[in-house]
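[1] Here is a sequence together with a model predicted from it:
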Number of protein chains: 2
Amino acid sequence: MQNLDENTITAEAVRRLAGCKDARFKEIMSALTRHVHDFAREVKLTEAEWMQGIEFLTAVGQKCDDKRQEMILLSDTLGLSMLVVALNHKKPPGCTEATVFGPFHTDKASDFANGADLAVGAAGEPAFIRGAIRGSDGKPVAGATIDVWQADGDGIYDVQYTDRDNALFARGRLKSDASGKYWFKSIKPEFYSIPVDGPVGDWMSKAGRHPFRPAHLHFMIQAPGYEKLVTHVFRSDDKYLDSDAVFGVRSSLVSDWVRHEPGQAPDGTAMKKPFYTLDFDFILNPAG
Amino acid sequence: MQNLDENTITAEAVRRLAGCKDARFKEIMSALTRHVHDFAREVKLTEAEWMQGIEFLTAVGQKCDDKRQEMILLSDTLGLSMLVVALNHKKPPGCTEATVFGPFHTDKASDFANGADLAVGAAGEPAFIRGAIRGSDGKPVAGATIDVWQADGDGIYDVQYTDRDNALFARGRLKSDASGKYWFKSIKPEFYSIPVDGPVGDWMSKAGRHPFRPAHLHFMIQAPGYEKLVTHVFRSDDKYLDSDAVFGVRSSLVSDWVRHEPGQAPDGTAMKKPFYTLDFDFILNPAG
């Protein structure tokens, strides 16, 4: 078809998908086309603004490498990531709620035994984290894979450092024991800024938005027969709980990290400095 | 705010723009947020699909370099580029219509005098192109800058070749003469495929869409006192006029490229092979 105008072009662009053999792909691309066109029409996008958008998205893609995923960060800051989590993880009451995955997970993390120190020298105040993995029927889940990752006490993830020979710290994989319990040592999480040295930082700044996330520890828990759980545990004393830059806070995930004076830690270690404990149980949703 | 669900998150993401001091940026990002969220809700985007989208957009960004703009190509194939052209170039009747800019323009093109051969050795059938630049009041526009670019006879732009030492051909800049006329030699354009060796090619293939553009010559014409004109001249005998991969065909831009037997060309040259002529006048819209 020739002579398409700013209104007729949408039906034509959707019609061009007529030969698409993947019904779901066709549905998604049809909807994407309509919504992208609706956006441009609604704001009467100028050519200069369109070009700024092209350059912005190009820069976001080009900022990505094997350790940084700026496109996920963009999705996170637009609220899209948390929206997708909410769409896909409606759980029965009592199950631990899910939140955003974030851009800092890596499959290269090491395996640890319960009781290990996952901090591996990361700066921060020592913390002892422990709890149990259970199904929503109350049964302990033995052998669950527990993937943990967090920023250090300076609010920086291991993968963000460029001067540490790619060393990983403050992350690792554990297994729950025969009674569903897990325990490890690490550091107390601190609030931090999402990376602002790239195009996402630029848009947040121009938008007048702060880039901070309330302190949290990431967990990804997988066990046969249960839905995979991707979540955080937050700190109840954090000032950014109500304005998380990526919209990820759920009140059921906000916990007290209890401060202790120097003395004996839960694992028997004599601690010369103050330390923290967190007790948190995860309740998994049966799969299917 | 905590405990946002897939519906309440949209208002909160828009509310976070409250501190944005650039009213237009705020308007655009508010609308973008709403439409992106609407899209994800409408199709009930799964996490795997979301990740495919993240990976796709990342790959599009990473395919871009100083000679290739895959993000523009994506916009072109979604119909967004032509929609933006249509939104911004409503012209009085009689003015030459605009169409897409495309990803193959370069500011590095050389200046030529009228009558020059812009092909500079590009493969293709010789063509003599000539016409006048006028304002919509009929007055000739002298000294207009005329930027011309096209694919060669094999349907490939100079900037797409990786084995030719970055040589430019089949493109250049001219000025209209004192009577508004322009004339140059080049080659007859041929239909071609947009680049399909990147993520945009993948999506077009999965969508069951062909990647072809009808043959055309690009023009960008600028003169003081007139709106910049970005347009094409198409060939009336092209089989893709009704299904241009980037939705850019306007019937007013479709022209006859007249074939001539060997003999004397318009510039007096003796042509031993058949050649083509195109006569096309451009009518500019007064600025403001």
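    That came through fine. Computed from a predicted structure; not experimentally measured. Residues are numbered from 1 along each chain as shown, chains lettered A, B, ... in the order given.

[2] rest of the way, CA atoms for contacts and neighbours
    Fine.

[3] wait, A:Ser193 sits on A:Pro211?
    Yes: between A:Ser193 and A:Pro211 there is a contact under C-alpha atoms under 8 Å: 5.2 Å.

[4] Between the two, tell me which one has more neighbours.
    A:Pro211 (19 against 14; other C-alpha atoms under 10 Å in any protein chain shown).

[5] Quick check: end-to-end length of stretch A:175-193?
    30 Å (C-alpha to C-alpha, to the nearest Å).

[6] Repeat that for stretch A:146-162.
    27 Å.

[7] what's the distance between it and the middle of its chain?
    Remark: stretch A:146-162 is offset 12 Å from the chain centroid, using C-alpha atoms, centre = their mean, to the nearest Å.

[8] Can you name the residues in contact with that stretch?
    A:67-68, A:104-105, A:122-125, A:166-176, A:187-193, A:216-222 (C-alpha atoms under 8 Å, 6 or more residues apart in numbering or on different chains).

[9] Are we agreed that A:Val60 is in a helix?
    Yes: assigned with DSSP: H, G, I helix; E, B strand; the rest coil, A:Val60 falls within a helix.

[10] and it, how many residues sit next to it?
    With other C-alpha under 10 Å as criterion, A:Val60 counts 23.

[11] How about A:Asp267?
    Counted with other C-alpha under 10 Å, the neighbours of A:Asp267 add up to 11.

[12] Once you drop chain neighbours, what's closest to it?
    A:Gly115 (7.4 Å; C-alpha to C-alpha, 6 or more residues apart in numbering or on different chains).

[13] Got the phi and psi for the one you found?
    phi 90, psi -10 (degrees, to the nearest 10).

[14] Also A:Ala48?
    phi -70, psi -40.

[15] Give me the neighbour count for it.
    So A:Ala48, with other C-alpha under 10 Å, has 9 neighbours.

[16] would you list every one of the strands in the stretch 1-150 of chain A?
    For the stretch 1-150 of chain A, the strands defined by DSSP state E, counting those that start in this stretch occupy A:126-135, A:145-149.

[17] And the contacts of the longest one?
    Contacts to strand A:126-135, defined as C-alpha under 8 Å, 6+ apart, come from residues A:140-142, A:144, A:176, A:179-188, A:226, A:265-266, A:274-286.

[18] 6 Å instead, please
    A:140-141, A:180-188, A:275-284 (C-alpha atoms under 6 Å, 6 or more residues apart in numbering or on different chains).

[19] Report the distance from that strand to the chain centre.
    19 Å.

[20] Quick one: work out the angle between that strand and strand A:145-149.
    150 degrees (axes from the mean of the first three to the mean of the last three C-alpha atoms, to 10 degrees).

[21] Please spell out which residues along strand A:126-135 are buried.
    By 16 or more other C-alpha atoms under 10 Å in any protein chain shown, the buried positions in strand A:126-135 come out as A:126-135.

[22] again with stretch A:102-112
    For stretch A:102-112, the neighbour count (16+ other C-alpha under 10 Å) marks A:102, A:104-105, A:109, A:111 as buried.

[23] Could you check it against chain B for contacts?
    No: contact of stretch A:102-112 with chain B (C-alpha under 6 Å from any C-alpha of the partner chain) is absent, the minimum separation being 11.3 Å.

[24] so how far is that stretch off the chain centroid?
    That offset, for stretch A:102-112, works out to 12 Å (C-alpha atoms, centre = their mean).

[25] Now do the end-to-end distance for it.
    22 Å.

[26] before we move on, what about stretch A:14-23?
    13 Å.

[27] and chain A, which residues reach chain B?
    A:1-3, A:5-6, A:17, A:19-20, A:35, A:58, A:61-62, A:83, A:86-87, A:207-208, A:242, A:249-250.

[28] per-residue pLDDT, the residue nearest to A:Asp267?
    A:Gly115 is assigned 96 on the pLDDT scale.

[29] what's the distance between it and chain B?
    32 Å (C-alpha to the nearest C-alpha, to the nearest Å).

[30] cool, and A:Ala215?
    A:Ala215 is 14 Å from chain B, by C-alpha to the nearest C-alpha.

[31] just to revisit the earlier point, CSV please, covering the strands of the stretch 1-150 of chain A and showing mean pLDDT.
    Shown next, in CSV, are the strands of the stretch 1-150 of chain A (pLDDT from 0 to 100):
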stretch, mean pLDDT
strand A:126-135, 97
strand A:145-149, 98
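
[32] So what's the gap between stretch A:157-173 and the chain middle?
    Its chain's C-alpha centre and that of stretch A:157-173 lie 17 Å apart, by C-alpha atoms, centre = their mean.

[33] Equivalent analysis for stretch A:180-197, please.
    Its chain's C-alpha centre and that of stretch A:180-197 lie 12 Å apart, by C-alpha atoms, centre = their mean.

[34] Kindly report the same for stretch A:170-180.
    19 Å.

[35] Give me the buried stretch members for that stretch, please.
    Under 16+ other C-alpha under 10 Å, the buried positions of stretch A:170-180 are A:170-177, A:180.

[36] what's the answer for stretch A:36-50, then?
    Quick answer for stretch A:36-50 (16+ other C-alpha under 10 Å): A:36-41, A:45-46, A:50.

[37] Could you pick out which of these are located in helices?
    Secondary structure defined by DSSP state H assigns A:36-41, A:50 of the buried residues of stretch A:36-50 to helices.
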